[in-house]
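Visitor: Predicted model, plus sequence, below.
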Amino acid sequence: MKPVNHHPAESGIGRDLEASTSRLRRARLKDVAAAAGTSVATASRVLSGTGFVTEETRAGILGAAKQLNYHPNLHARSLRKDSVHSIGLLVPNLMDAYYAALADAIDQSLADRKYRLLIACTRDDPASERDLLYEMSGQAVDGLIWVPAAPSPALMDTLHGQHTCIVSIIRRVPGDGVDTVVFQDQADSQAATRHLVNLGHRRIGYIGGEIRYGSHHDRWQGYLTAMEQAGLAVDEQLVKLGADRSTWGFVATDDLLRLPVPPSAIFVASNAIMPGVIRTLRLRGVQVPENLSLICFDDIEWFSLAVPPITAVSVSHARLAATALELLFVRMENPGAADRQPALIRIGCDLVLRGSTAPYRS
């Protein structure tokens, strides 16, 4: 903390008057900020227990508050809280149709509770994720629903120190240190692959996202497990792991079709990858399901309208939203729940059979 320059009155009478006035007037937030040499916003974050500041700044502000005998205006604070309640939602990308539908489901549920939703995108960038988490905490959101990218131990320690109620969704944080809702990614990916095996397919391609994210890792493992259980050796050339983007679907599908023996079926592990897959199939004149069967993990609205309609693992955004909000509000509305061990809930999915998968044709 920087030293604070004081300017005492030049006379004893002045000093007595200043002391008397100080005793009569209740210390205000700006007085604490001035004494600590910080902004009012920074002092507010520290005294309300939200937002990120350095330990040195925090100690200085708390020391100034104690010295000035500062007490927050609880009546004013309650009025502010009654007028504005908010929940933060942090996702990798709102261009992904699933995340857009999820945000809409959460927003509708919050409207019934008189809460507003604050949304931000990390683009799966660790630096952006850190900054946005600090910023959302600084805005004093009542709770946070978060699709984690790459949270560091230091970031998790800071979040726990802020006492912000957090629910992790889709992906898990290291150590499962917060309430978490994920899908049964491995089991449902295994079921999707087994469906293709039961149709007689033996060379099954797999296109997935980066396996450093738990959901993509588990879906990849589900595919491998199903192939192993069927007694099918996995050709490494059939497995394409990359970015969770349409462009990756375009490139990966082209690579698979150029193999000396192309796959007779492809399992796409994310709806974000699917547009690129379909674009390549059309450019190469591949007919689905006559020449190749196609299945996707995630089911979004346009899949049922495609020609042919796409077989998919259906993951309910409405169920995910409801489960995450239930966990969040239990923490927010029950002070005793703060010390409860974090919950890990896995949501099952449904395999929706449509026209893009068919028995193997030699």
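Guide: Received the coordinates, thanks.
Visitor: how about low-confidence regions in the chain?
Guide: Low-confidence segments of the chain (pLDDT under 70): 1-26, 49-52, 71-84, 138-140, 335-338.
Visitor: Domain map for it?
Guide: 12-77, 78-175, 185-316 (automatic domain parsing).
Visitor: Could you identify which of the ones you listed is most buried?
Guide: Most buried of these, by mean neighbour count (mean count of other C-beta atoms under 10 Å): domain 185-316, with a mean of 19. In short, each C-beta sits where N, CA and C put it, glycine included.
Visitor: So what would you say the end-to-end distance of that one is?
Guide: This stretch, domain 185-316, spans 13 Å end to end (C-alpha to C-alpha, to the nearest Å).
Visitor: any chance of the domains of the chain in CSV, plus distance to E326?
Guide: Output for those, formatted as CSV (distance: least, C-beta to C-beta, whole Å):
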stretch, distance to E326
domain 12-77, 23
domain 78-175, 9
domain 185-316, 14
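Visitor: which one of the ones you listed lies closest to A343?
Guide: domain 78-175 (8.9 Å; C-beta to C-beta).
Visitor: if I look at the residue most central in space within the chain, how far off is T122?
Guide: Residue closest to the mean C-alpha point of the chain, counted by C-alpha atoms, centre = their mean, is V147 at 1.2 Å. To T122, V147 is 8 Å away according to C-beta to C-beta, to the nearest Å.
Visitor: which residues are in contact with both of those two?
Guide: Residues touching both V147 and T122 (C-beta atoms under 8 Å, 6 or more residues apart in numbering) are L90, V91, P92.
Visitor: The stretch 51-200 of the chain: helices as residue ranges?
Guide: 55-67, 74-83, 97-112, 126-138, 153-162, 185-198 (DSSP state H, counting those that start in this stretch).
Visitor: Remind me what the fifth one packs against, helices and strands.
Guide: Based on contacts counted as 3 or more C-beta pairs under 8 Å, 6 or more residues apart in numbering; DSSP states H and E, the elements that helix 153-162 packs against are helix 126-138.
Visitor: Could you list the residues in contact with the helix it packs on?
Guide: The contact list for helix 126-138, computed with C-beta under 8 Å, 6+ apart, reads 41, 45, 50-52, 88, 90, 118, 120, 122, 144, 146, 148-152, 155, 158-159, 162, 164.
Visitor: distance between that helix and the chain's centre?
Guide: Helix 126-138 sits 12 Å away from the centroid of its parent chain (C-alpha atoms, centre = their mean, to the nearest Å).
Visitor: angle of that helix against helix 153-162?
Guide: 10 degrees (axes from the mean of the first three to the mean of the last three C-alpha atoms, to 10 degrees).
Visitor: who touches F183 in this structure?
Guide: Contacts of F183 (C-beta under 8 Å, 6+ apart): I170, S215, V315, L320, R346, I347, G348, C349.
Visitor: Apply 10 Å and report the result again.
Guide: Residues near F183 by C-beta atoms under 10 Å, 6 or more residues apart in numbering: 169-170, 189, 215, 218-219, 297-298, 313, 315-316, 319-320, 346-349.
Visitor: G205 is in what secondary structure piece?
Guide: strand 204-208 (DSSP states H and E).
Visitor: Partner strands of that strand and their direction?
Guide: Taking DSSP bridges as the criterion, strand 204-208 pairs within the sheet with strand 239-241 (parallel), strand 265-268 (parallel).
Visitor: and of those, who's closest to L327?
Guide: Smallest distance to L327 across those (C-beta to C-beta): 29.9 Å, for strand 265-268.
Visitor: Tell me which other helices or strands the helix or strand that comes right after the closest one touches.
Guide: Using DSSP H and E, the helix or strand that follows strand 265-268 in sequence is helix 274-283. Other elements packing on helix 274-283 under the criterion 3 or more C-beta pairs under 10 Å, 6 or more residues apart in numbering; DSSP states H and E are strand 204-208, helix 246-257, strand 265-268, strand 293-297.
Visitor: Now find how far off-centre helix 274-283 is within its chain.
Guide: Distance of helix 274-283 from the chain centroid (C-alpha atoms, centre = their mean) equals 28 Å.
Visitor: rewinding a little: by how many degrees do the next helix or strand after the strand holding G205 and strand 293-297 diverge?
Guide: From strand 204-208 onward toward the C-terminus, using DSSP H and E, the following helix or strand is helix 214-229. Here helix 214-229 points in a direction 140 degrees away from that of strand 293-297 (the same axes, to 10 degrees).
Visitor: For helix 214-229, list the C-alpha coordinates in PDB.
Guide: Extracted C-alpha coordinates of helix 214-229, given in PDB (Å, rounded to 0.1, in the frame of the first residue of the first chain):
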ATOM      1  CA  GLY A 214     -12.700 -33.400 -20.500                       C
ATOM      2  CA  SER A 215     -15.900 -33.800 -22.600                       C
ATOM      3  CA  HIS A 216     -14.000 -34.400 -25.800                       C
ATOM      4  CA  HIS A 217     -11.600 -36.700 -24.100                       C
ATOM      5  CA  ASP A 218     -14.400 -38.800 -22.700                       C
ATOM      6  CA  ARG A 219     -16.200 -39.000 -26.100                       C
ATOM      7  CA  TRP A 220     -13.000 -40.200 -27.800                       C
ATOM      8  CA  GLN A 221     -12.600 -42.800 -25.100                       C
ATOM      9  CA  GLY A 222     -16.200 -44.000 -25.600                       C
ATOM     10  CA  TYR A 223     -15.500 -44.500 -29.300                       C
ATOM     11  CA  LEU A 224     -12.300 -46.400 -28.600                       C
ATOM     12  CA  THR A 225     -14.100 -48.600 -25.900                       C
ATOM     13  CA  ALA A 226     -16.900 -49.500 -28.300                       C
ATOM     14  CA  MET A 227     -14.500 -50.500 -31.000                       C
ATOM     15  CA  GLU A 228     -12.500 -52.600 -28.600                       C
ATOM     16  CA  GLN A 229     -15.500 -54.400 -27.300                       C
END
